[in-house]
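A.B. asks: A predicted structure for the sequence below; I have some questions about it.
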Amino acid sequence: MKNLVIPIVILMVLAGCAVGPKYSRPESVEATTPAGYFQNSDQTDSITNLAWWDVYQDTVLRSLIQNAVDSNLNLLTAMARVEEAQAILGYNKANMGPAIGYGAAARASDYRERAQEAGVGFNTNSYSVLGNISWEIDIWGKLRHANRAAYAELLASEENRKSIYISLVAQIAELYFNLRGLDDRLRITERTYQTRLEYLRIIELRFDKGEVSELDKLQAEQIAADAKAGMYSLEREIIFVENAIGILTGKTYSPIVRGLRNDQQMLPLEIPTGLPSELLERRPDILQAEQLLVAQTERIGVAVAMRFPSLSLTGFFGVASPDISKLFTSEAVLGSVTGQLAGPLFQFGQNKRRVEAERARAKQYAYNYEQTILEAFAEVENSLAEIRTYTNEYEARVTQAAATERSLMLSKALYDNGYTSFLQVLDAERELYYSEFEKSLALQYQLTASVRLYKALGGGW
């Protein structure tokens, strides 16, 4: 055994001769990172420092989000993928150490005298208990590269889980604000329908008395039917949205309990975004893309190491004896150690092409990483622009709705006193319905834009 000390020391030294590239973040990433967001001058902090339960104050919405986090099948699948990656990492780590096994055998033979005289066989008994070991010495870093690649893939799967988590929270919030917006527009439409039915009743009475033409009656019937049709359309959309929320929360259809109206929500509309450079370390999809690039870089190292010879040690140690009573004596001890060096010699460029293929895949992951960053910055800028413009649009719609409501009141007074036609009343009434409808949409979009920004900044997990 003393003779093995020097070779083992040499092997340990050689094990540090890893080949293949080391990962470093592409320089183009830093070059394309802006100093600040164009749509927002407040870069001191970020809303992503708040968890979703601190952002959304509606208790019903918070309950829906929690149900989705607990029961969503896509999120549960992502969690299972993380567990799978953890197991793969453990498997790769185990490859770096020796494999130790054991075996025991016993044989008893009984050949009669004539059989022995014929030279067919002789009576022999044998008993053995052996332990065996095999170990591939990681001279060129093949196993270490594979282990680091598995670790990077584990991190990528965890970031994927976070990404799904954030998307799930954002989807629930957007659908909820959409649902409350539909509720608001259904209320507006129902109220408008009742108003138009009253118009129709009055016009029919006047028509029966010969005070108005049939055209006024037909126009009144038309706008009443239009509002009625709009009610059914909105009811249909509400069911669709409730079903979508049910799928995300892992449940079959049932009406969704309502909480605050959209105009009662207390979301922070002036949202600080932090620095763009922080986005690289916060958004899970960016971190996932980078870890996938890290893993692929390590695979290049695996491919390069496969071009060099591999060294493995195999051996066994145990006892063997033809007599079971003498099996565990010093004379029965046996052992052997074998070193094997094997490597490619001439394979028509196969190993070289393998390295080239892994390098080409690394380029693809690098481009995908950069593309993910560009899209992330664009999403933040778009969301900031949406918040700013929808906030201004909502204020304008409020003014518009107030003006059209006043206009309708004046038009009705003029019509009742015979100074204008019913057509002017219809136009004013349609404008009021349109302005209230658009005001409701602008408020909904303003809220969902805040959700999209929260998601774009990588918050919520």
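C.D. replies: Structure's in. What do you need? None of these values were measured; they are calculated from a predicted model.
A.B. asks: Which segments of the chain make up each domain?
C.D. replies: For the chain, the domain assignment from automatic domain parsing gives the residue ranges 17-96+138-308+343-456, 101-137+311-342.
A.B. asks: residues touching residue 206, list them.
C.D. replies: Taking CB atoms under 8 Å, 6 or more residues apart in numbering as the criterion, residue 206 is in contact with 212, 216. In short, each C-beta sits where N, CA and C put it, glycine included.
A.B. asks: Okay, and it sits in which element?
C.D. replies: Take DSSP states H and E as the rule and residue 206 turns out to sit in helix 142-208.
A.B. asks: Can you name the element that comes right after that helix?
C.D. replies: The helix or strand immediately downstream of helix 142-208 is helix 214-248, counting by DSSP H and E.
A.B. asks: Please identify the buried residues of the helix or strand just after that following helix?
C.D. replies: Elements were assigned by DSSP H and E; along the chain past helix 214-248, the next helix or strand is helix 276-282. For helix 276-282, burial by neighbour count (16 or more other CB atoms under 10 Å) applies to 276, 279, 280, 282.
A.B. asks: again, but for stretch 431-451
C.D. replies: Along stretch 431-451, these residues count as buried under the neighbour rule (16+ other CB under 10 Å): 431-433, 435-451.
A.B. asks: Tabulate the CA atom coordinates of that stretch in CSV.
C.D. replies: The C-alpha coordinates for stretch 431-451 follow below in CSV (Å, rounded to 0.1, in the frame of the first residue of the first chain):
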residue,chain,number,x,y,z
GLU,A,431,-72.3,60.0,-25.5
LEU,A,432,-73.0,59.7,-21.8
TYR,A,433,-73.0,55.9,-22.0
TYR,A,434,-69.8,55.9,-24.1
SER,A,435,-68.0,58.3,-21.7
GLU,A,436,-68.9,56.3,-18.6
PHE,A,437,-67.9,53.1,-20.4
GLU,A,438,-64.6,54.5,-21.4
LYS,A,439,-64.0,56.0,-17.9
SER,A,440,-64.5,52.5,-16.4
LEU,A,441,-62.0,51.0,-19.0
ALA,A,442,-59.4,53.7,-18.3
LEU,A,443,-59.5,53.1,-14.6
GLN,A,444,-59.2,49.3,-15.1
TYR,A,445,-56.3,49.8,-17.5
GLN,A,446,-54.6,52.1,-15.0
LEU,A,447,-54.8,49.4,-12.3
THR,A,448,-53.7,46.6,-14.6
ALA,A,449,-50.7,48.8,-15.7
SER,A,450,-49.6,49.0,-12.1
VAL,A,451,-49.8,45.2,-11.9
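A.B. asks: Just give me how far it sits from the chain centre.
C.D. replies: Stretch 431-451 has its average C-alpha position 29 Å from the chain's average C-alpha position, going by CA atoms, centre = their mean, to the nearest Å.
A.B. asks: Quick one: mean pLDDT over that stretch.
C.D. replies: Taken as a whole, stretch 431-451 has an average pLDDT of 93.
A.B. asks: what's in contact with it?
C.D. replies: Counting by CB under 8 Å, 6+ apart, stretch 431-451 makes contact with 170, 173-174, 177-178, 180-181, 184-185, 188-189, 192, 227, 262-263, 265, 267-269, 271, 383, 386-387, 390-391, 393-394, 397-398, 400-401, 403-405, 407-408, all of which sit outside it.
A.B. asks: if we can go back for a sec, check the buried residues of helix 276-282 and tell me the two furthest apart.
C.D. replies: Set against one another by CB to CB, the buried residues of helix 276-282 have their most distant pair in 276 and 282, with a gap of 10.4 Å.
A.B. asks: Low-confidence stretches in the stretch 101-250 of the chain?
C.D. replies: Where the stretch 101-250 of the chain drops to pLDDT under 70, the residues are 111-123.
A.B. asks: and the gap between residue 180 and residue 98?
C.D. replies: Separation of residue 180 from residue 98 (CB to CB, to the nearest Å) stands at 63 Å.
A.B. asks: what does residue 326 give?
C.D. replies: With the distance defined as CB to CB, residue 326 ends up 30 Å from residue 98.
A.B. asks: Likewise for residue 338?
C.D. replies: Counting by CB to CB, the separation of residue 338 from residue 98 is 14 Å.
A.B. asks: With residue 84 instead?
C.D. replies: Between residue 84 and residue 98 the distance is 26 Å, computed by CB to CB.
A.B. asks: Equivalent analysis for residue 450, please.
C.D. replies: As defined by CB to CB, residue 450 lies at a distance of 57 Å from residue 98.
A.B. asks: try residue 161
C.D. replies: As defined by CB to CB, residue 161 lies at a distance of 34 Å from residue 98.
A.B. asks: more crowded one of the two?
C.D. replies: With neighbours defined as other CB atoms under 10 Å, residue 161 and residue 98 compare such that residue 161 has more, 22 against 13.
A.B. asks: host element of the residue nearest to the more buried one when sequence neighbours are not counted?
C.D. replies: Here the nearest residue to residue 161 in space, its sequence neighbours aside, is residue 78; by CB to CB, 6 or more residues apart in numbering that works out to 4.1 Å. Assigned by DSSP H and E, residue 78 belongs to helix 73-95.
A.B. asks: buried ones in that helix?
C.D. replies: By neighbour count, and taking 16+ other CB under 10 Å as the criterion, the buried residues in helix 73-95 are 75, 78, 81, 82, 85, 88, 89, 92.
A.B. asks: my guess is the third one contacts residue 163, does it?
C.D. replies: No - between residue 81 and residue 163 there is no contact under CB atoms under 8 Å: 11.8 Å.
A.B. asks: got the contact list for residue 28?
C.D. replies: With contact taken as CB under 8 Å, 6+ apart, residue 28 is in contact with residue 370.
A.B. asks: Which of the helices or strands spans it?
C.D. replies: Element membership for residue 28, per DSSP H and E: helix 27-32.
A.B. asks: Looks like residue 58 contacts residue 262 (just checking).
C.D. replies: No - with contacts counted by CB under 8 Å, residue 58 stays clear of residue 262, the gap being 9.9 Å.
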